[in-house]
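Participant: give the three-dimensional model of this entry:
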Amino acid sequence: MTNKVHRRPYRAFLSYSHSNGSFVEKLHDWLTRFAGYEIWLDRTSLDAGSKVSDRLRENIAKCRGIILVLSKASVDSDWVNGEIVCALEERKQSEGEFAVIAVQIDDCKVPLQLLSTTYIDASDGEFTLGVALQIIKAFYPGEGNPDPEDSRDVYVSAPWSKHDLSDLALGKLANEGFRLIGDAKDQPGGDRIEPRVRRLLETCGAMVAVLPEGEEPKYILRELGWARQIDLPFLVVASPGVVLPDEVEAQAIRGTAAELRSGDILERATEDLYHRFRQPAHSHYFFYATGMQEEEVETTDAVRNVVQRVTGLPCVVGDKVRTGPVVDVILDRIRKATAVIANLGGGDSGGENRSQNAKAGYNPNSCIEAGMAMGADVRCYLVARGPRQRAPFMVRDEIKYYDNGLELLGIIHYLVAPDRRRIINAELSGKK
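Facilitator: Numbers count the residues shown, from 1 in each chain. Presented below is the predicted three-dimensional model:
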């Protein structure tokens, strides 16, 4: 079993009292069947004859976080309290990388050791759209992140382990107003790294490489090479003993954290990078095509929230485009989008004189926008509200169906999770 939290097989350990089985069953079903999370649950993850208490620490150590379902029954459970203790130890040892998410489902008293942990209020016992949104946001901390709509994004290549040199350099960059972008720690490795990182670099206006003493520099230098291939402005901060290529050495800042902290060379370098920053060739964002009804405003806002929190990219809602010649603007937005999510609507709207697609309630504008995306060779995801009926011929095999906003939100997470990126500003604000 790896000690690296981001390489563990389960996204979260689900801690609960069996007397809260109804709520937990809905939560687990949504997390796994719709949102695409791998969740450790005793009744699905244990071998026959095993007991969770036999290997508690080992089982939690298979996970990158824990969801604590807090109730009057669970807070009185010795097993649940043992899971809380183990989880808090994991969070401390991982310097906060292990996520602890608490969901309070009745008016129980929150355990003392969790008073410093923000908990999600589901005290009416209902698993709602709002609760689901808060759980997703807890998996992708965003407090302290600049607004993606107008941020100056810089790609950061640095060791994942903690170093004073990295903390100093990244803190200076954040203070200068940059949004610091990195490859998500739990993304797949191997031959998937290069195309993914190259896409991230294309969304940024500069690149920063930090090379502390004692770390393998080849991966960071490789990413720096990709940035230089697209003429991205860059800054290199390196410890004195790190060997750099000659063409990089000429532009590198050298020094220990203590040396750079006592002078102004790093501050001047970050200011210089601010002026050398180059706006990406075109904007990067997700486009959400939907025929938004009044009762769907909350769901649409939740979808936009999830897309932006998970991917770190803006989410343009097609139904809210109001400037200029609307059709031309929407077509331009679709052509330039990173990806399009088209909500085709659905649900039987009746009417004998209507077409088959209209009877199914498919939104014509969303169908047209999906066609625009496909014609422009833009990645396009299709969702529609059930019941599953005859869909437009060209897309019928591609649609993911949902029955309510809660299911839609989970599906949206599943679709955009491969585009997740690391926003480092939130991690830095957490260290203050």
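Participant: the longest strand along the chain - what's its average pLDDT?
Facilitator: Of all the segments assigned as strand in the chain under DSSP state E, the longest by residue count is strand 339-346. Mean per-residue pLDDT for strand 339-346: 91.
Participant: chain neighbours aside, what residue packs nearest to Val69?
Facilitator: Tyr16 (4.0 Å; C-beta to C-beta, 6 or more residues apart in numbering). All C-beta atoms are positioned from the backbone trio N, CA, C, and that covers glycine.
Participant: number of nearby residues for the one you found?
Facilitator: By the criterion of other C-beta atoms under 10 Å, Tyr16 has 27 neighbours.
Participant: got a pLDDT number for it?
Facilitator: pLDDT at Tyr16 comes out at 95.
Participant: equivalent analysis for Leu200, please.
Facilitator: We have a pLDDT of 96 for Leu200.
Participant: quick one: low-confidence parts of the stretch 151-300 of the chain?
Facilitator: Where the stretch 151-300 of the chain drops to pLDDT under 70, the residues are 292-295.
Participant: residues contacting the residue nearest to Leu88 when sequence neighbours are not counted?
Facilitator: In space, and not counting its chain neighbours, Leu88 is closest to Gln113: 6.1 Å by C-beta to C-beta, 6+ apart. Contacts here follow C-beta atoms under 8 Å, 6 or more residues apart in numbering; on that basis Gln113 touches 84-85, 88.
Participant: for Gln113, which three-state class applies?
Facilitator: With DSSP: H, G, I helix; E, B strand; the rest coil as the basis, Gln113 sits in helix.
Participant: tell me which element the nearest residue to Gly36 once chain neighbours are set aside falls in.
Facilitator: Leaving aside its chain neighbours, Gly36 sits nearest to Tyr414 (3.7 Å; criterion: C-beta to C-beta, 6+ apart). Assessed by DSSP states H and E, Tyr414 sits inside helix 405-416.
Participant: related to what we said a few turns ago, I'd say the residue nearest to Gly36 and Thr32 touch.
Facilitator: No - assessed by C-beta atoms under 8 Å, Tyr414 is found out of contact with Thr32, at 10.3 Å.
Participant: the residue positioned nearest the centre of the chain and Asp183: what is the separation?
Facilitator: In the chain, the residue lying closest to the centroid (C-alpha atoms, centre = their mean) is Val310, at 2.4 Å. Going from Val310 to Asp183 by C-beta to C-beta, to the nearest Å gives 14 Å.
Participant: which residues touch Lys172?
Facilitator: Each residue near Lys172 by C-beta under 8 Å, 6+ apart is listed here: 266-267, 270.
Participant: helix, strand, or coil at it?
Facilitator: Assigned by three-state DSSP, the conformation of Lys172 is helix.
Participant: what of Leu235?
Facilitator: What three-state DSSP gives for Leu235 is strand.
Participant: what number of residues are in the vicinity of it?
Facilitator: 22.
Participant: can you check the one 3 residues further on too?
Facilitator: Neighbourhood size, Ala238 [other C-beta under 10 Å]: 23.
Participant: do the same with the one 4 residues further on
Facilitator: Using other C-beta under 10 Å, Val242 is surrounded by 20 other residues.
Participant: how near is it to Asn305?
Facilitator: Using C-beta to C-beta, we find Val242 at a distance of 41 Å from Asn305.
Participant: quick check, Phe13 in contact with Ala87.
Facilitator: Yes - under the criterion of C-beta under 8 Å, Phe13 makes contact with Ala87 at 7.4 Å.
Participant: ok so, going back, what about the residue nearest to Leu88, distance to Gly182?
Facilitator: From Gln113 over to Gly182 (counting by C-beta to C-beta), the distance is 31 Å.
Participant: do the same with Phe277
Facilitator: In this view, Phe277 and Gly182 are 17 Å apart by C-beta to C-beta.
Participant: same check on Ser19?
Facilitator: From Ser19 to Gly182 the distance is 42 Å (C-beta to C-beta).
Participant: who has more neighbours, those two?
Facilitator: Comparing Ser19 with Gly182 by other C-beta under 10 Å, the one with more neighbours is Gly182, at 21 against 12.
Participant: OK, contacts around that one?
Facilitator: Residues near Gly182 by C-beta under 8 Å, 6+ apart: 155-158, 421-424.
Participant: is it bridged to anything, and to what?
Facilitator: Arg422 (DSSP bridges).
Participant: distance of the residue nearest to Glu215 when sequence neighbours are not counted from Met374?
Facilitator: Among residues not flanking Glu215 along the chain, Pro159 sits closest, at 4.5 Å (C-beta to C-beta, 6+ apart). With distances taken as C-beta to C-beta, Pro159 is found 41 Å from Met374.
Participant: related to what we said a few turns ago, who touches both of Phe13 and Ala87?
Facilitator: In contact with both Phe13 and Ala87: 60, 66, using C-beta under 8 Å, 6+ apart.
Participant: show the buried residues in the contacts of Lys172.
Facilitator: Neighbour-count burial (16 or more other C-beta atoms under 10 Å) applied to the contacts of Lys172 gives 266, 270.
Participant: okay if I get the contacts of Lys172 as CSV plus secondary structure and distance to Thr128?
Facilitator: Putting the contacts of Lys172 into CSV (DSSP: H, G, I helix; E, B strand; the rest coil; distance: C-beta to C-beta, whole Å) gives the following:
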residue, secondary structure, distance to Thr128
Leu266, helix, 47
Glu267, helix, 47
Thr270, helix, 43
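Participant: just put the contacts of Lys172 in JSON lines and tack on distance to Leu165.
Facilitator: Formatted as JSON lines, the contacts of Lys172 follow (distance: C-beta to C-beta, whole Å):
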{"residue": "Leu266", "distance to Leu165": "10"}
{"residue": "Glu267", "distance to Leu165": "15"}
{"residue": "Thr270", "distance to Leu165": "14"}
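Participant: closest one of the contacts of Lys172 to Tyr119?
Facilitator: Nearest to Tyr119 among the contacts of Lys172, counting by C-beta to C-beta, is Thr270 at 37.3 Å.
Participant: OK, contacts around the closest one?
Facilitator: Under the criterion of C-beta under 8 Å, 6+ apart, the neighbours of Thr270 are 172-173, 175-176, 235.
Participant: hmm, Val208 is touching Ala238, no?
Facilitator: No - with contact defined as C-beta under 8 Å, Val208 does not reach Ala238; the gap is 11.4 Å.
Participant: right, I'll leave it there.
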